[in-house]
Structure formats: C-alpha cells, structure tokens
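> Using only what follows, build the 3D model:
(one chain, ligands or ions: 2)
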Amino acid sequence: MQMNHFPIYAGSLQPQTSVLFDAFVLVGGKHLPCFRKAETVDLERLKKLHASNTTKLFIPVQEEPAYFEYLRHRLESLKAAKSPLQFLLGTLSTLTENLPRTLEEESSFRATSSLVSLASEYLRSHPNALKAEISELKGSNDIIEHSAKVAILSLALAPRLGLQDDQELCDMGVAALLHDLGKLSMNLPFGVSLDDLPRSITQAYLSHPSLSVELISEKRYINVRIRRLIGDHEEMGQGEGFPAKKNVSELSLSSQVLNLCNDFERYATINNTSLLKAFKPYTKDKRGVFDSLHLLRLGEMLSGK
Ligand SMILES: [Fe+2]
Ligand SMILES: [Fe+2]
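Numbers count the residues shown, from 1 in each chain. Ligands and ions are numbered 1, 2, ... in the order given. I've put the predicted structure just below:
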C-alpha cells in the first residue's frame, strides 16, 4: 500500500482551505485517513499533527495532479497569507523529497518547476513577506529541509541584488532543490563541515556536486543553466571551494547567490543556531569568501529590513 502513496509535508496544507485529494497519516505501517477530498483543513487538526511530531502525510499517487493543483492555487493566492514561510517550506520540502520520482517524467518535472516559479514570483513581488518569520528560521534537520531553505533564501535574496529574470530565478530555485542529490545518493553525513569529515569519505564528499549533475545527465528537459548551477554550488572565494576551484565572483549572479545561501544555511545547521544569530559570526569567519554587498543584503533580509 505504501508504494502507491507519495509523502507530503503537512506544512504544505494551509488552514481553512479545501483539499482536492485524500491525505493519510502512516500509523504502524497503515495509511489512516486524515483529510478527505473536499474537506476544509482544520487548524486544530494541523496543530495536533504538529504536536504529535507528524510532519508528513501521504497521498495516493493518482491524486498527485490534484495535489499540485492545490499547491498552484495556494501559491497564487499567497498574497493574503499572514505566515507564508511555513507553507513555502512545506511545499518546497515536498517537491524536494519527491524529486527522485518526479524527475523520471518530463511532465512531472515541469509541474515541479512551475510551482517553484510561482514561489519565486511571490518572493520577488513581496520582498518583505518573510519579515515576521525569517529571524526565527533555524538550521535544518535533514538534507530535504536544507534544500528547501536554500531555495527560499536564494529566491528571496536574488531580487534584492537586482536579479529579476523569471527564468533565471526559477532555474536557481530548481537547482537549489536538486543541488545535493549526489550527497543524498551517497548517504553522506549532513550538516558537517568539510574539515570535520572522516578522511575515508572526503573524496566522495568532494565529488558530490559532479555526482548531482551526473544523476540528472539523462534528463534532457533539465536545462544547461540548472546543471551548471548544481555543478558549481560548492565553489567559493577565490578557488577555496570545489570541485573546480573557481573564483566565485566570476560566476553568474544566480550561482553566487545559491552558493552563499547554501554555505550560510549549512553554517547555521553546523552551529545549531538560528539564521539570524549565525549571520554575524558567519560574516567574520567567511570574510572575503562571498561578495560583501551580497552579505549585506542577506543580513538586511534576515533582520526583516
Ligand atoms: Fe553541497
Ligand atoms: Fe547543500
């Protein structure tokens, strides 16, 4: 039965909205109904799920189009939402977790990209949307959450640095969701700095950006820019990153933003702190590694300016 369902993050459901699909909770290996088609999502039930640490629900695979349609509607009407961050996190985490499956079909990949594009459009046209919540944002518990947070930070920061091109923003958001696919496939430790890794896995770690690109090499519908963004995502400073030891300032703006957000989010995770608290020590530790204006705008964004 489990094979016929795909996981979604409960955060991707918004209270007081009507669901277009059945959603189940997994209890003792069985899927038990949680929300029924056409039912209104009850805030109390969402709170109960949260209190019981139930972060994921399950939807029958054949209802994926209905779930994607629900997300599309929610993203399009997000303007009115008081706290969009949890919804965006839930949505982008769901898209990341399902990538191994959705990458298999061009139509599913395009549906994923168009949802990323809507999230990007929202963050671009509402520069202060995350103001109330972003200072509370902490480092991540796993690589899925990390990828979703890197996407949100990048999509919110890039327009503040002048990047307004819809396609480039969307490609950067998709690359953020995909960037650590290689790390995930090798089951490498998450949230650890390169210096603290056991020597036996250093080589594997250094190869993860290239492996991420290799894993999508057959997918003709993933464009060159997304591949390049993924392959370069660990490049920083003047050749201080890997694998090609590129000078980060020579990369495209979207690539620089992605790399900064990836490195910064990981720093907050390693130091087990909120992104806001991580910012000052990060800028001290990484002086000269990323563009100072990019860091300045990131700091402003985190302090709700
Ligand atoms: Fe990485
Ligand atoms: Fe990463």
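> Please name the nearest non-neighbouring residue to Glu300.
For Glu300, ignoring the flanking residues on the chain, the nearest one in space by C-beta to C-beta, 6 or more residues apart in numbering is Arg160 at 7.5 Å. Heads up, the C-betas are built off the backbone N, CA and C, glycines and all.
> And the one you found, how far from Gln86?
Distance of Arg160 to Gln86, computed by C-beta to C-beta, to the nearest Å: 22 Å.
> same thing with Glu250?
Relative to Gln86, and taking C-beta to C-beta, Glu250 is found at 37 Å.
> From the chain's centroid, how far away is the helix or strand harbouring Leu295?
Here Leu295 sits within helix 292-302, counting by DSSP states H and E. Taking C-alpha atoms, centre = their mean, to the nearest Å, one finds helix 292-302 lying 19 Å from the centre of the chain it belongs to.
> show me where pLDDT drops low in the chain?
Low-confidence regions of the chain, defined by pLDDT under 70, span residues 1-3, 80-81.
> Next to ligand 2 in this structure, residues from it, please.
Taking C-beta under 5 Å from the ion as the contact definition, the chain meets ligand 2 at Asp180, Asn262.
> how is the chain carved up into domains?
Following automatic domain parsing, one finds the domains of the chain at 1-76, 87-302.
> hey, which of these is tucked in deepest?
Looking across the domains of the chain with neighbours counted as mean count of other C-beta atoms under 10 Å, the highest average goes to domain 87-302: a mean of 19.
> Quick check: closest non-adjacent residue to the closest residue to ligand 2 within the stretch 51-200 of the chain.
In the stretch 51-200 of the chain, the residue found nearest to ligand 2 is Asp180; the distance is 4.4 Å by C-beta to the ion. If you skip the residues right next to it in sequence, Asp180 has Ile143 as its closest partner in space, 5.5 Å away by C-beta to C-beta, 6+ apart.
> which residues touch the one you found?
Asp180, Lys183, Leu184, Phe190 (C-beta atoms under 8 Å, 6 or more residues apart in numbering).
> Can you add secondary structure and give those residues back as a markdown table?
Supplementary listing: those in a markdown table, determined by DSSP: H, G, I helix; E, B strand; the rest coil:
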| residue | secondary structure |
| --- | --- |
| Asp180 | coil |
| Lys183 | helix |
| Leu184 | helix |
| Phe190 | coil |
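> what's the closest of the residues you listed to Asn4?
Of all those, the one sitting nearest Asn4 is Leu184; the distance, using C-beta to C-beta, is 23.1 Å.
> if I look at that closest one, how far off is Ile144?
In this view, Leu184 and Ile144 are 8 Å apart by C-beta to C-beta.
> Would you check how far apart Gly239 and ligand 2 are?
In this structure, Gly239 and ligand 2 are 19 Å apart, going by C-beta to the ion, to the nearest Å.
> For Ser274, list each beta-bridge partner.
The partner list for Ser274 in beta bridges (DSSP bridges) reads Lys138.
> is it true that it touches Glu136?
Yes. With contact defined as C-beta atoms under 8 Å, Ser274 counts as touching Glu136 (6.4 Å).
> Do I have it right that the residue nearest to Glu300 meets Leu302?
No. Using C-beta under 8 Å as the test, Arg160 is too far from Leu302 to be in contact (11.4 Å).
> what's the closest residue to ligand 2 within the stretch 201-305 of the chain sitting at in phi/psi?
Closest to ligand 2 within the stretch 201-305 of the chain is Asn262: 4.4 Å, counting by C-beta to the ion. In this entry, Asn262 is assigned phi and psi values of phi -60, psi -50 (degrees, to the nearest 10).
> Grab the nearest non-local neighbour of it.
If the residues on either side of it in the chain are set aside, Asn262 comes closest to Val150, at 5.0 Å by C-beta to C-beta, 6+ apart.
> distance of that neighbour from Leu260?
Distance check for Val150 against Leu260: by C-beta to C-beta, it reads 10 Å.
> rewinding a little: for the residue nearest to Asn262, give me its contacts.
With the criterion set at C-beta under 8 Å, 6+ apart, Val150 makes contact with Ala176, His179, Leu258, Cys261, Asn262, Glu265.
> Strands of the stretch 1-150 of the chain, residue ranges please.
In the stretch 1-150 of the chain, strands defined by DSSP state E, counting those that start in this stretch lie at 5-9, 23-27, 30-35, 56-60, listed in chain order.
> Rebuild these as a markdown table, extending it with distance to Cys170.
Listed next are these as a markdown table, based on distance: least, C-beta to C-beta, whole Å:
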| stretch | distance to Cys170 |
| --- | --- |
| strand 5-9 | 21 |
| strand 23-27 | 27 |
| strand 30-35 | 29 |
| strand 56-60 | 24 |
